[in-house]
Each structure stands twice: as structure tokens, then as C-alpha cells.
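Enquirer: Sequence first, predicted model second:
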Amino acid sequence: MDHDLVLPAELTIYHATALREDWLSWLERSAEPEAVADGAAVAEVDAAGVQLLLALERSLRQRERTLQVARPSAALQGAFDALGLVLPAVPATVREDA
Amino acid sequence: MKKPRDDADARFIAEALPAFIGEAEEQVERIEQLLLQLEAVPADRDLLGALFRCAHTVKGSAGIFGLDEIVAFTHHVETLLDQLRGGRVAFDAALGTLLLRCNDQIRRLVDVAAGRSAEGIADERDALVAELQARSGDGAAAAPPTPAATAARPAGPWQVTAAFGPETFRNGMDPMSVLNYLRGVGTVSALACDAAAVPALDALDPESCHLAFAFEIAAEGGRAAIEDAFSFVIEDCRLHIEPIVAPTGRLGEILLADGAVSPEQLERALGQQARQRDAGAGTTEETRFIRVQADRLDAVINLLGELVVASAGAELLARPTRNPALVEATQLVGRLVEEVRNGTLQLRMVPIGETFARFRRVVRDTAAELGKDVALEIVGAETELDKSMVERIADPLMHIVRNALDHGLETAAQRADAGKPAQGRLTLAAAHESGGILIRISDDGRGVCRDKVLRRARERGLLAPDAKPSDDAILQLLFEPGFSTAEAVTSLSGRGVGMDVVRRNVEALRGTVAVDSVEGRGTSIEIRLPLTLAIIDGFLVGVGASRFVFPLESVVEVIESRATRGIDPRGRGIAELRGQPLPIVDLRRLYALPLPAPARSSIVVIQAGGRRYGVVVDQLLGQQQTVIKPLGRMFRSLRGMSGSSILGNGEVALIFDVHSLGQFAVEAATAAPRSPATHSLEGQPS
């Protein structure tokens, strides 16, 4: 699971620039066609954070890969709901088994 | 505007309330003007938009101050205005009248809030609200206009699209908070995020916002409440709020459903539309202002007056030193002081158009009351004059306008008989004229009947039964206090009061008022006022040890003294100037100044109020900035003086009122040339 992306506790505008750098380098390092991001730790999230995640998904799609979010925290799920977005989540049961 | 929080509120409100009152009064004034403008162009979208924003502003700020009555009432007005704006209700004359009455109501409520009036006028308000609701019902597509339907309308669903601008995050705003806030405003449904504009990670500036949203909302507060939610981001956000009209839907959606346009095309077109709308909204009004307390400005102007005197004093002291550098320096200071003076006085200048525009309503309502058809024409609305002057001229103007409507202009039938167009014409004109302002109120009504004036003057004992005054002198009679030839005393005018007050008010402003009238053709009243009451450019002269100042703009030329004939005991006579007789006044005789007169003297030729006359003086002392100080009570009766001034060297100079001095000069000189159009006036009956 080294190549899984772990979403930070604060997925907000304050960390957006740094996160983008991290994620860009992660994009280079990883190659799984079905990328998974672990969303369990996300405690704070704003629209800028969500947008960053959307941009990441777009970058993956350009590389013909997909993004799924595993174990989304309530905050993360709530933000997607609030913005009228559907979180590309890994079904929880499947993930627990893995 | 941000809602103040709890504790400091009371103090904040007490401090800010006067500003709210002032702003509300301005908005109310604007609403009135916009409504009156709309009568000419009922479908003008810019005007309708501006109208709505005015009402919205009043309601919004009244809400902050907890002025619930204003909020509740204005809300109904706003609802109707919103429907007008959306084209769902059409503007017509009846609606205009209703909205004007509602606006009066808002004005009264603001008065109550300001503590100027304590009347509760709930009954009238309820009646107006009922009328408003009846009218807003008209626009509801199929539903009959029942109160229930209209009350429910604003809650009806709205389709909202909001594209947040790139700066949103950097401005500290979060679309998520806006959306969450909206969930408190109403029921949000069908929310969809349009992330199509979000670039890939490598191309993304993570601090720029690329998110757009579309949703439906059923909001209690209607469009206004929805817009409020966006108020902090509105500058950087493309926002569309459209009511969802069940059967038809929006044009774009219809086209989209038919496949006539692609979603991208639609989005582009809508964006373009929004930009055009936004651009249009700015042009109708909303110039930026800084609000300054009048007394602070007055304090600056007073100090400036002292500075003008002080700098003139310094220059006078510098001159005898023959030190060129010092003289130059004081001259430079003098020039700069003059520039500052001009700039500061400019701050007090307001266009007279605002005052004129108030008369649209007066003319409209008064003419309707009298059953007359009158068109008001305004010329030179941009002409500027001192704010204090504008305030004090409003009442005299009002009286003259009412007089013209009541007595001057005839009914349509009378006009037809006289071979005139049915619609009467009343013109308010303003223009700058030789350092002052000329305001002309003219009508094409029946004019002044000189026979009637004569008859009345004799009845009143204002004129000896055998006297045969000239035409001009007859017009002068109109000034006599208590004089009125109106056959019927109406509620508007004709009680014989007012016109003498008009003249007194105008003269108190160092102005003059004159009437000209051609029987059957109309009447024209001219008010001449100085631009400001504070400072004038003066022309300083000396007679013996006394110093006098003429307003520089009234001085035409200076000639050497010459033979004068028929000098009367008060110093009046006639001299000759280029073959023309020139009435003159000898100040030494007039004011009994000590003799002997010097061997050489000069005549200053003055042009004022359409007449020309000369004043004999000993010395010409040149141009001088002069701060006008009012004359003390003791000197009020002094004829021909308008004020005094302290010169740079501490001497006191008297400032001439060139108009009344001119009247004095020509009184004796019957052969004096004078323009037939000019006579002082006090009452314009008919």
C-alpha cells in the first residue's frame, strides 16, 4: 500500500499549494491504474481542497487511470455532499476486506 | 453590509443611525426620480433595475437597524419592483402613482425612525400593501391574483447558477459556506457542481477557484434573500437567479431541449448576457461619494477665509520691503491659497438639477389636482452652486412653481381658446452668468394682466387713484406685501403671502429676483444668485479714508471722472459714456463722507441685473480676495451694502450689493437706460 495516497487531516486552501506539489510527485511515482486515496484522516476540508482532489482525478484520467477514495471521513463525505458532488468512493466493505 | 454583533450593537446603532437616515432619504429621493423617469420610458430595464436596488438597499439597511416597520413595508414594495424588473408586471401610470405613494410612506417611516415624527400610520400602510399585492398578482402567469397567491410567490422556486470567480479563495471566501448558508435561507434541491472548468493538477493554480454550481431553491425571502447569500462574493461571481416558471421554462432550456444549441453555447451566451447586464447596471447611477459632515466642511472654509486674509496681509507687508524673494514667496502662497480656496468651495458645490428634479413630482401632482396638463422642462441641471444656497433657494422656487401652475398656466380648454397647444409648458432653467447663477422659471401661460394689477393696487391703496405708472412699474407692484390678483384663493397659492417672502429669501442670499411678462404669452421669473456666500473676488476702491469692495465680476470698466449733471442731494446724477447717458452715484455725497474731494477721481462702471451705472470713487486699489462677513444688525438697513470684510491690513471695507445700489442709482435718473426685461419682483399673481 506504499503507493496509496493518504489524504491529510487538513485538505484546505492553506495547504493547497504544498499538497499539489506532493501529489504531482506521487503521480510520477505511482502507476496503479486504479489509484486509491485514503480519506480516513481528513478532518477539515474546504472547497479549495475538494477542487484539488477533482484536479487530481482529472490528471489521473489523462493518464487513463482512475481515483477512488477509501474510508472517507465524515468531513470529507460532508464536503462532497455540500457541494453537490459524488465522492468516487471505494465500497467500504470491499476495502475492509483488502 | 455585515451585521454587527451583540454587545457593541446599541452604541453602533446610535452612532450609525444618522448615516442610515441620510442614506435612506437619498434612496427615497432616487426612487421618486426613477419612478418619474419611468413614466416616460416604462420598460427601461436599467431604470427598473436601479429602482429595485434602491428599495433593496433601504430594506437591507433598515434591517440592520432593526427598523422592522420599514423592512416589512419596503419588502412589499420590493416584491412588486422585482416583478417589474423581471417583466412579469408592466409599469403603467396607475402603478407609478401607487409606487409614488408607497415611496412617500417609506419616507414617512424614515422620518419616524429619525424621531422627526411620531405618527403611526398603519392603516394607510395596510391599504397600500393590499394594493401592492393586488398589483403584483397581475403578473402571476395563470393564477388569479388572490392575496394567498401573491404571498406565496416569493417563496416559489428559483433556478440559480453561480460560477465563482478565480479570486474567490484568495478573498477568503468558500463556495461551500455560501451553499451551506443558502440551506438556511430556503430548501436547496438539484444541486450540481460543475467542475468542468477545473484543470488537471499540473495546470492548476490551487488557490484559484474554478467551481460553478447550479441548483434550485425555494426561498422565503425570494430573490433578495438568495442574492444576500452571495453578497460577499458577488464581485467575483457570475450569478443567475431566475424564477422557475412551470409551463414555459427559460429560452435557453427550450433551445437546449430541442438540441438547437449545445450546453457550451448556452453557457457562453448566458455569460455574455450577464456581462452586458452588469455593465449596463453601472451606467445609470452609483457615482462614488464620501460623506462628510457639513459642519466640518464649514469649519475648513472658515479657516480658509482667515487664511485668505492672512495671506493677503503677508503680501501687503512684504511689498514695502522690496525684497524680491520675499514678495515672490508671499505671492506664491497667495496663489496656492486661492487654488485651495477654489478647490474647497468646489466641494460644497452641488448641481442644481437635484433641486429641480424634486419639482417633477410637484408639477405632476399639482397639475393633476388642478386638472391641467403641464410639461416640465429642465435646462442646465448640471449647473452647480453652493449647497447651502441650494437648500435655501428650494422654498422660493417651490412658491414660484406653484404660482405658475396655479395662476400662470391655463386649463387645456382655456389654452385651446387662446390658440395655444393644450399642454402647458413650465421651464426651469439654470446657467452660470458673470460669477453668479441665473435661475429662470418661465411658463407659457396667460401672463400678468396689467389692468388687473392696476385695479387691485388701487383697491388696496397701494397706488394713488390718478397715478399712471409705466408697464415696468406695474410689474413692480406685484411685490407689495399682501398683493394678490388671484380671483379665487386656492389651497396652492393666491393668499397674497409668499412672493414677498420669495424676494426676502432671495435677497438674503445676496440675490435678486425679477419678473418679465407678456400678457397672454407667459411669465418669466429670473433669480440671480452668487455662487457662494463665503468669498468673492473683490475690486477694492477708496473714498477718503473709507474702503469699499465691488464684486469683481460686476465691474465692467473704470473711466476718468467727467462732468456730471443734475447731482441730487443724495449723490445721484447722470454722466456721459460714449454718447450714452450713464446714471452715477457719488459715494462721498451718498454716505456724507468728509470733503474735500480730490482733484482727480474715477468712475467705476458696474453692470448688474441688466443695467449699467457708474460709481464715483477717489482711489482704485485693485483686485482682492474678500471674505464676506455679514453686516451686524445695526447696519441691516444700510442701503446698497451686502456685507463687510476685513482687509489684510486690518481695515474694514464694506461690500456693495451692486443690484440694489443700481436700483438706487436709476431711481432718480428717469432718463437712465435700462433693460425692459428687468424689474425687481415680489408677487406674481395673474
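Expert: It's in. Numbering: from 1, shown residues only, chains lettered A, B, ... in the order given.

Enquirer: C-terminal to the helix ranked longest in chain A, what's the next element?
Expert: Determined from DSSP state H, the single longest helix within chain A is helix A:47-62. Where DSSP states H and E defines the elements, the next helix or strand beyond helix A:47-62 is strand A:66-70.

Enquirer: do the following helix or strand past that next one and chain B meet?
Expert: Sequence order places helix A:74-82 as the next helix or strand after strand A:66-70, per DSSP H and E. Yes: using Cβ under 8 Å from any Cβ of the partner chain, we find that helix A:74-82 touches chain B at A:79, A:82. Where C-beta positions appear, they are placed from N, C-alpha and C, glycine not excepted.

Enquirer: Please identify the buried residues of helix A:74-82?
Expert: Neighbour-count burial for helix A:74-82, counted by 16 or more other Cβ atoms under 10 Å in any protein chain shown, picks out A:75, A:76, A:77, A:79, A:80, A:82.

Enquirer: From what I see, the first one and residue A:40 are in contact.
Expert: No: applying Cβ atoms under 8 Å, one finds residue A:75 not in contact with residue A:40, separated by 10.5 Å.

Enquirer: Mind putting the buried residues of helix A:74-82 into TSV with pLDDT and distance to residue B:640?
Expert: Listed next are those as TSV, based on pLDDT from 0 to 100; distance: Cβ to Cβ, whole Å:
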residue	pLDDT	distance to residue B:640
A:75	89	85
A:76	90	88
A:77	89	89
A:79	90	82
A:80	89	86
A:82	88	80
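
Enquirer: Check the separation of the first and last residues in stretch B:506-513.
Expert: End-to-end distance for stretch B:506-513: 7 Å, by Cα to Cα, to the nearest Å.

Enquirer: what's around residue B:14, how many residues?
Expert: 10 (other Cβ atoms under 10 Å in any protein chain shown).

Enquirer: can you state the direction angle for the longest helix of chain A and helix A:74-82?
Expert: Inter-element angle recorded for helix A:47-62 and helix A:74-82: 80 degrees (by axes from the mean of the first three to the mean of the last three Cα atoms, to 10 degrees).

Enquirer: how far is stretch A:38-52 from where the chain is centred?
Expert: In terms of Cα atoms, centre = their mean, to the nearest Å, the centre of stretch A:38-52 is found 8 Å from the chain centre.

Enquirer: now check it, is it near chain B?
Expert: Yes: interface with chain B: stretch A:38-52 contributes A:46, A:47, A:48, A:50, A:51, A:52 (Cβ under 8 Å from any Cβ).

Enquirer: Can you give me the buried ones in that stretch?
Expert: Buried-residue list, stretch A:38-52, by 16+ other Cβ under 10 Å: A:38, A:39, A:42, A:44, A:45, A:46, A:47, A:48, A:49, A:50, A:51, A:52.

Enquirer: Check the offset of the longest helix of chain A from the chain's centre.
Expert: 8 Å.

Enquirer: Over to stretch B:160-171?
Expert: Distance, centroid of stretch B:160-171 to centroid of chain: 39 Å (Cα atoms, centre = their mean).

Enquirer: rewinding a little: now the residues of stretch A:38-52 next to chain B in JSON lines, with pLDDT?
Expert: Putting the residues of stretch A:38-52 next to chain B into JSON lines (pLDDT from 0 to 100) gives the following:
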{"residue": "A:46", "pLDDT": "90"}
{"residue": "A:47", "pLDDT": "91"}
{"residue": "A:48", "pLDDT": "91"}
{"residue": "A:50", "pLDDT": "92"}
{"residue": "A:51", "pLDDT": "93"}
{"residue": "A:52", "pLDDT": "92"}
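
Enquirer: tell me which of the residues you listed is nearest to residue B:167?
Expert: Residue B:167 has its nearest neighbour among these in residue A:48, at 12.2 Å by Cβ to Cβ.

Enquirer: With adjacent residues omitted, what lies nearest to that closest one?
Expert: Excluding the flanking residues, the one nearest residue A:48 by Cβ to Cβ, 6 or more residues apart in numbering or on different chains is residue A:13, at 3.8 Å.

Enquirer: Hmm, the one you found is touching residue B:168, no?
Expert: No: with contact defined as Cβ under 8 Å, residue A:13 does not reach residue B:168; the gap is 9.9 Å.

Enquirer: who touches both of these two?
Expert: Taking Cβ atoms under 8 Å, 6 or more residues apart in numbering or on different chains as the contact rule, residue A:13 and residue B:168 both touch residue B:174.

Enquirer: Out of the two, name the residue with the larger neighbour count.
Expert: Shown here are residue A:13 and residue B:168; by other Cβ under 10 Å, residue B:168 has more neighbours (25 against 21).

Enquirer: Relative to residue B:585, how far out is the more buried one?
Expert: 74 Å (Cβ to Cβ, to the nearest Å).

Enquirer: go on, residue B:389?
Expert: Per Cβ to Cβ, residue B:389 is found 28 Å from residue B:585.

Enquirer: Name the SS class of residue B:598, please.
Expert: Here residue B:598 is coil, with the state taken from DSSP: H, G, I helix; E, B strand; the rest coil.

Enquirer: and it, what does it touch?
Expert: Applying Cβ under 8 Å, 6+ apart to residue B:598 gives the contacts residue B:618.

Enquirer: so what pLDDT did it get?
Expert: Looking at residue B:598, its pLDDT reads 76.

Enquirer: who's more crowded, residue B:389 and residue B:585?
Expert: Taking neighbours as other Cβ under 10 Å, residue B:389 and residue B:585 compare with residue B:585 leading, 27 against 23.

Enquirer: The more buried one: which element?
Expert: strand B:580-586.

Enquirer: strands paired with that strand, and their directions?
Expert: strand B:572-577 (antiparallel), strand B:611-617 (parallel) (DSSP bridges).

Enquirer: next helix or strand past the longest one?
Expert: Counting by DSSP H and E, the next helix or strand C-terminal to strand B:611-617 is strand B:619-627.

Enquirer: any idea how far residue B:231 is from the residue of the stretch 201-350 of chain B found nearest chain A?
Expert: Closest residue of the stretch 201-350 of chain B to chain A, Cβ to the nearest Cβ: residue B:206 (3.5 Å). As for residue B:206, its distance to residue B:231 is 26 Å (criterion: Cβ to Cβ).
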